[in-house]
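1. structure, please.
(one chain, ligands or ions: 2)
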Amino acid sequence: MSVSHFMSNNHRILSVTEEELSRIVLDIHDGPVQYLFASLSLLTQIQSQLEACEEPTAADELLPAVKKTSHMVEEALHEIRSFLGAFRPPEFHTRPLAAIIEGLALQHEDWTGQVVNLEVGDMPEDVTTHSKIALYRILQEALSNAYRHAGVDQIDVKVWGRDSMIWLQVDDDGQGFTPPPLHGPQATEREEHIGLRGMRDRVNLLGGRFHLYSRPGKGTHIMVKIPAQV
Ligand SMILES: Nc1ncnc2c1ncn2[C@@H]1O[C@H](COP(=O)(O)OP(=O)(O)OP(=O)(O)O)[C@@H](O)[C@H]1O
Ligand SMILES: [Mg+2]
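-> Ligands and ions are numbered 1, 2, ... in the order given. From the prediction side, this is the model:
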C-alpha cells in the first residue's frame, strides 16, 4: 500500500467516524427522545386527572407511582440530552476553527462552572475539516480531564497558527499525575483509559506532535501541533 493511500484511508476513517456520530446522535434524538417526551406529557395528563379524581383512595394509591415515573422519565431525558449535546459535532465543514474552539470553551464553562481562559491567535486561512475535528476532539478530552481529574477552577487554553501548522496548548495547575511510559512493560495506561491514548492517536494519524508534561503537584500541560491542511 502506498503512503498516500494509507493516509487517505486514515482520513476517511476520521471523517466517517464523525459522520456516523452525527447520525447516531440524530437517531437517538429523533427516536427515543421523542417517545420519552410523549410519555412525559401523557404522565402529566394522568397526574392531573388523578389529582382531580373524586375517588380519593384510588387516586392516593396511584399518584405517588405516577409522580415517581414522571421523575424518572425526566431524569432519563435530561441525561440523554446532555450526552447528545456532548457528542453532537459542530458544523466542521462550514465554521472556522476559531469559532468552533470558542464554542467548545463556552460550553465547557456553562456545563462545569470552570473558567476557560482562552487565547486565540492568528490562524491560517484554510484549515481542513480533518484538522478541525482532531483539534476539537483533543481539546474536548483535555478539558474533560481537567474537570474530572485536576481539581482546578481555571484552565488556560491557547490556539494559534504559524507556517501552516496549528498549535494547541492546554494548561492546568491542578494536582497533576505521573504519566505512564508510552512503551514497554511499564506502559501502564489502563485499557479503559482511552482519553490520553485517543489524543495521541489522532495527532499521530495527522503527522503532528503531541507532548504531555505532568507531575504530581505540578499541574498538567498539553501541547499539540498539527498541520492545518491534511
Ligand atoms: N489534567 C489532569 N490532571 C490530573 N490527572 C490527569 C489529568 N489528565 C489525565 N489525568 C490522569 O491520567 C489518567 C488517564 O487519563 P485518560 O484521559 O486517558 O483516562 P480517564 O480520563 O481516566 O478516562 P477516559 O477514558 O474516560 O478519558 C486519568 O485517570 C488521571 O489519573
Ligand atoms: Mg479522560
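2. do any residues in the longest helix along the chain lie close to ligand 2?
-> For the chain, the helix with the greatest residue count under DSSP state H is helix 56-87. No - where contact is defined by CB under 5 Å from the ion, no part of helix 56-87 touches ligand 2; the two come within 12.7 Å at best. The way it works is simple: take the backbone N, C-alpha and C, and place the C-beta from them, glycine included.
3. where does the protein get nearest to ligand 1, residue-wise?
-> G195 (2.3 Å; CB to the nearest ligand atom).
4. hang on, the earlier thing: so is the longest helix of the chain next to ligand 1?
-> No - judged by CB under 6 Å from any ligand atom, helix 56-87 makes no contact with ligand 1; its nearest approach is 11.8 Å.
5. that helix: which residues count as buried?
-> By neighbour count on 16 or more other CB atoms under 10 Å, the buried set for helix 56-87 is 59, 63, 66, 70, 73, 77.
6. in the protein, where is pLDDT below threshold?
-> For the chain, the stretches flagged by pLDDT under 70 are 1-16, 26, 88-89, 182-193.
7. kindly recompute the last result at 50.
-> 1-4, 6-7 (pLDDT under 50).
8. how about the buried residues of helix 56-87, which pair is most distant?
-> A59 and L77 (25.5 Å; CB to CB).
9. how about the residues of this protein by ligand 2?
-> So the chain meets ligand 2 at 145, 195 (CB under 5 Å from the ion).
10. and the helices in the chain?
-> Under DSSP H, the chain gives helices at 3-30, 32-51, 56-87, 97-112, 129-145, 195-205.
11. got the angle for the shortest one vs helix 129-145?
-> It refers to helix 195-205. 160 degrees (axes from the mean of the first three to the mean of the last three CA atoms, to 10 degrees).
12. packing partners of helix 195-205?
-> For helix 195-205, the elements it packs on are helix 3-30, helix 129-145, strand 209-214, strand 220-227, judged by 3 or more CB pairs under 8 Å, 6 or more residues apart in numbering; DSSP states H and E.
13. now do the buried residues in stretch 171-185.
-> 171-172, 174-177.
14. adding distance to ligand 1, write the residues you listed out as JSON lines.
-> As requested, the buried residues of stretch 171-185 are exported to JSON lines (distance: CB to the nearest ligand atom, whole Å):
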{"residue": "D171", "distance to ligand 1": "9"}
{"residue": "D172", "distance to ligand 1": "5"}
{"residue": "G174", "distance to ligand 1": "5"}
{"residue": "Q175", "distance to ligand 1": "6"}
{"residue": "G176", "distance to ligand 1": "6"}
{"residue": "F177", "distance to ligand 1": "4"}
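15. and those, which is closest to ligand 2?
-> Nearest to ligand 2 out of these is F177 (CB to the ion; 11.3 Å).
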